[in-house]
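Trainee: Give me a model of this one.
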Amino acid sequence: MPGRSSSNSGSAGFISFSGIESALSSLRNFQSCISSGMDIVTSVALDLVQTQTEVSSEYSMEKAMVEFVIMDRELNNYIKAVESAMNHVKEERPENIPDLKLLVEKKFLSLQSKNSDADFQNNEKFVQFKQQLKELKKRCGLQADREADAPEGVDEDMIVTQSQTNFICPITQLEMKKPVKNKVCGHTYEEEAIVRMIESKHKRKKKACCPKIGCSHTDMRMSDLIQDEALRRAIENHNKKRHRHSE
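Mentor: This is a model prediction of the structure:
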């Protein structure tokens, strides 16, 4: 319980929350560690798909992601409980101030009781993890099928050209090296090109439209962009195969 001043005038001003606020700051830093951990797990899981490692290893990565989501949810609930308790205490007169520890526990348990499986779909990192795995499997599978089914004598350059269709940035018209995906419309672009385009539009107080022809997304934000790791890996794989074929 925070210490109180010996003076009897006023109310919440005699309770110091500096120690609690410092602890909350540390907890938020830990949240960033959880986020970094989820990025690492995603990268390892994509490596497993790319190297066609046994499914059990990939499954263990998903279990790790679930544990991270649970930790993140619990930490979020605890931070909310502490903040809510602090606000409650600030509104009370000194003589009515409750036991802060018990109040936090009560609010925390209330928030925890509302947990559901739907929380996983609200965790952006977890959703991205599932989508990236699915997309990489699809891309690797489609490429494997195409190569296996290609009849002898077919011009390999033609196969390469067809495969590259989705690798081209709609802005630069060049093959992407660091693709990012728009969460809203699903289109991908070279990161540097789309960031430059959005910044240029916003500096002129204009809305940034998705540069993909026919797209109806007319108000792009930087926050709409996420790294498309699956596509980046697919492009790299494709180029490695093309290089081997040309040797």
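Trainee: So which residues of the chain form strands?
Mentor: Counting by DSSP state E, the chain has strands at residues 179-182, 188-190, 225-227.
Trainee: Mind giving me the packing neighbours of the second one?
Mentor: Applying 3 or more Cβ pairs under 8 Å, 6 or more residues apart in numbering; DSSP states H and E, one finds that strand 188-190 makes contact with strand 179-182. Just so you know, the C-beta spots here come from the backbone N, C-alpha and C atoms, and that holds for glycine as well.
Trainee: sorry, back to before: single out the most deeply packed of the strands of the chain.
Mentor: Stretch with highest mean neighbour count among these: strand 188-190 (a mean of 24; mean count of other Cβ atoms under 10 Å).
Trainee: Take the strands of the chain and lay them out in JSON lines including distance to residue 59 and mean pLDDT.
Mentor: Compiled in JSON lines, these are given as follows (distance: least, Cβ to Cβ, whole Å; pLDDT from 0 to 100):
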{"stretch": "strand 179-182", "distance to residue 59": "25", "mean pLDDT": "93"}
{"stretch": "strand 188-190", "distance to residue 59": "28", "mean pLDDT": "94"}
{"stretch": "strand 225-227", "distance to residue 59": "23", "mean pLDDT": "91"}
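Trainee: out of those, which comes closest to residue 19?
Mentor: strand 225-227 (36.8 Å; Cβ to Cβ).
Trainee: Would you give the sheet partners of the closest one, along with the direction of each?
Mentor: Partners of strand 225-227 in the sheet, by DSSP bridges, are strand 179-182 (antiparallel).
Trainee: which residues touch the partner strand?
Mentor: Outside of strand 179-182, the residues within contact range by Cβ atoms under 8 Å, 6 or more residues apart in numbering are 169, 187-191, 194, 210, 217, 220, 224-228, 231-232, 235.
Trainee: mind running it again at 6 Å?
Mentor: Applying Cβ atoms under 6 Å, 6 or more residues apart in numbering, the contact partners of strand 179-182 are 188, 191, 224-228, 231-232.
Trainee: if we can go back for a sec, looking at the strands of the chain, which is nearest to residue 125?
Mentor: Proximity to residue 125 (Cβ to Cβ) singles out strand 225-227 among the strands of the chain, at 9.8 Å.
Trainee: what about the nearest residue to residue 39 once chain neighbours are set aside, how many neighbours?
Mentor: In space, and not counting its chain neighbours, residue 39 is closest to residue 125: 7.4 Å by Cβ to Cβ, 6 or more residues apart in numbering. The number of residues packed near residue 125 is 18, by other Cβ atoms under 10 Å.
Trainee: Fine by me, thanks again.
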